[in-house]
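Chemist: Below are the sequence and a predicted model for it; my questions follow.
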Amino acid sequence: MRGVRGIIRSGPAYCQLSETARRSLNLENGAVAKILLVVVVFAAVYFIVRAYARGVESKRTVDAVPKAAEDMVQCVHCGVHLPRSESVTGNGRSYCSKEHQQLHGL
(Lines give C-alpha, C1' and ligand atoms only; values in the text may rest on other atoms or scores of the structure.)
Protein backbone atom coordinates (compact mmCIF):
# COMPACT_ATOMS: atom_id res chain seq x y z
CA MET A 1 0.00 0.00 0.00
CA ARG A 2 1.42 3.36 -1.01
CA GLY A 3 -0.27 5.54 1.61
CA VAL A 4 -1.21 9.19 1.30
CA ARG A 5 2.31 10.40 0.49
CA GLY A 6 2.55 7.91 -2.36
CA ILE A 7 -0.73 9.11 -3.82
CA ILE A 8 0.31 12.77 -3.51
CA ARG A 9 3.67 12.09 -5.15
CA SER A 10 2.18 10.20 -8.07
CA GLY A 11 -0.72 12.52 -8.85
CA PRO A 12 -0.81 15.01 -11.74
CA ALA A 13 -0.53 18.00 -9.40
CA TYR A 14 2.74 16.67 -7.99
CA CYS A 15 4.21 16.39 -11.47
CA GLN A 16 3.51 20.08 -12.10
CA LEU A 17 5.33 21.21 -8.95
CA SER A 18 8.83 22.60 -9.04
CA GLU A 19 11.73 20.69 -7.53
CA THR A 20 11.72 22.94 -4.43
CA ALA A 21 8.02 22.32 -3.87
CA ARG A 22 8.58 18.57 -4.23
CA ARG A 23 11.28 18.67 -1.57
CA SER A 24 8.94 20.51 0.79
CA LEU A 25 6.58 17.51 0.68
CA ASN A 26 9.32 15.39 2.21
CA LEU A 27 8.51 13.36 5.32
CA GLU A 28 10.98 15.38 7.41
CA ASN A 29 8.75 18.45 7.27
CA GLY A 30 5.97 16.52 8.95
CA ALA A 31 8.37 15.52 11.70
CA VAL A 32 9.43 19.15 12.15
CA ALA A 33 5.80 20.20 12.49
CA LYS A 34 5.25 17.52 15.16
CA ILE A 35 8.33 18.66 17.07
CA LEU A 36 7.15 22.28 16.91
CA LEU A 37 3.72 21.24 18.17
CA VAL A 38 5.26 19.39 21.12
CA VAL A 39 7.45 22.41 21.95
CA VAL A 40 4.44 24.75 21.85
CA VAL A 41 2.41 22.42 24.09
CA PHE A 42 5.26 22.15 26.62
CA ALA A 43 5.72 25.94 26.60
CA ALA A 44 2.01 26.48 27.21
CA VAL A 45 1.97 23.99 30.09
CA TYR A 46 5.11 25.60 31.56
CA PHE A 47 3.61 29.09 31.52
CA ILE A 48 0.31 27.91 32.98
CA VAL A 49 2.05 26.06 35.82
CA ARG A 50 4.33 29.05 36.48
CA ALA A 51 1.37 31.46 36.64
CA TYR A 52 -0.44 29.11 39.03
CA ALA A 53 2.65 28.79 41.24
CA ARG A 54 3.03 32.57 41.39
CA GLY A 55 -0.59 32.93 42.45
CA VAL A 56 -0.20 30.33 45.18
CA GLU A 57 3.08 31.87 46.37
CA SER A 58 1.64 35.39 46.54
CA LYS A 59 -1.33 34.07 48.50
CA ARG A 60 1.04 32.37 50.95
CA THR A 61 3.02 35.57 51.53
CA VAL A 62 -0.17 37.53 52.17
CA ASP A 63 -1.44 34.88 54.58
CA ALA A 64 1.97 34.48 56.26
CA VAL A 65 2.14 38.11 57.39
CA PRO A 66 -0.23 38.43 60.33
CA LYS A 67 -1.86 41.77 60.82
CA ALA A 68 -1.00 43.43 64.09
CA ALA A 69 -3.85 43.16 66.53
CA GLU A 70 -5.19 46.52 67.60
CA ASP A 71 -7.10 47.37 70.75
CA MET A 72 -10.75 48.21 70.27
CA VAL A 73 -12.34 51.03 72.25
CA GLN A 74 -15.94 52.08 72.77
CA CYS A 75 -17.24 55.57 72.16
CA VAL A 76 -18.46 57.00 75.47
CA HIS A 77 -21.29 58.91 73.75
CA CYS A 78 -22.84 56.36 71.33
CA GLY A 79 -21.25 53.04 72.30
CA VAL A 80 -19.77 52.24 68.89
CA HIS A 81 -16.64 50.05 68.98
CA LEU A 82 -13.70 51.16 66.84
CA PRO A 83 -9.91 50.68 66.67
CA ARG A 84 -7.93 52.84 69.08
CA SER A 85 -5.98 54.42 66.17
CA GLU A 86 -9.24 55.76 64.66
CA SER A 87 -10.68 57.09 67.91
CA VAL A 88 -10.54 60.62 69.33
CA THR A 89 -9.37 60.67 72.93
CA GLY A 90 -9.88 63.29 75.60
CA ASN A 91 -9.57 63.08 79.43
CA GLY A 92 -8.81 59.38 79.14
CA ARG A 93 -12.05 58.69 77.28
CA SER A 94 -12.47 57.54 73.69
CA TYR A 95 -14.92 58.91 71.13
CA CYS A 96 -15.74 57.95 67.55
CA SER A 97 -15.61 61.56 66.31
CA LYS A 98 -14.84 65.13 67.34
CA GLU A 99 -18.59 65.87 67.34
CA HIS A 100 -19.27 63.20 69.96
CA GLN A 101 -16.36 64.47 72.02
CA GLN A 102 -17.88 67.98 71.95
CA LEU A 103 -21.42 66.70 72.63
CA HIS A 104 -20.22 64.80 75.67
CA GLY A 105 -19.05 68.04 77.24
CA LEU A 106 -15.32 68.40 76.66
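Modeler: Looks like it arrived, so ask away. Residues are numbered from 1 along each chain as shown.
Chemist: Check what contacts the one helix or strand Gln101 maps to and list those residues.
Modeler: Here Gln101, judged by DSSP states H and E, is contained in helix 98-103. The contact list for helix 98-103, computed with C-beta atoms under 8 Å, 6 or more residues apart in numbering, reads Cys75, Val76, His77, Cys78, Val88, Gly90, Tyr95. All C-beta spots, glycine's among them, are computed from the backbone N, C-alpha and C.
Chemist: For it, what does the pLDDT average out to?
Modeler: Averaged across helix 98-103, pLDDT comes to 88.
Chemist: which parts of that helix are buried?
Modeler: If you call a residue buried by 16 or more other C-beta atoms under 10 Å, then helix 98-103 has these buried ones: His100, Gln101.
Chemist: hey, where'd the helices end up in this protein?
Modeler: 3-10, 12-16, 19-24, 27-64, 98-103 (DSSP state H).
Chemist: returning to that earlier point: of the contacts of helix 98-103, which qualify as buried by neighbour count?
Modeler: By 16+ other C-beta under 10 Å, the contacts of helix 98-103 give Cys75, Val76, His77, Val88, Tyr95 as buried.
Chemist: Surely the last one touches Val88?
Modeler: Spelled out, it's Tyr95. Yes. Between Tyr95 and Val88 there is a contact under C-beta atoms under 8 Å: 4.6 Å.
Chemist: so where's this structure uncertain?
Modeler: Within the chain, the segments meeting pLDDT under 70 span 1-29, 59-67, 106.
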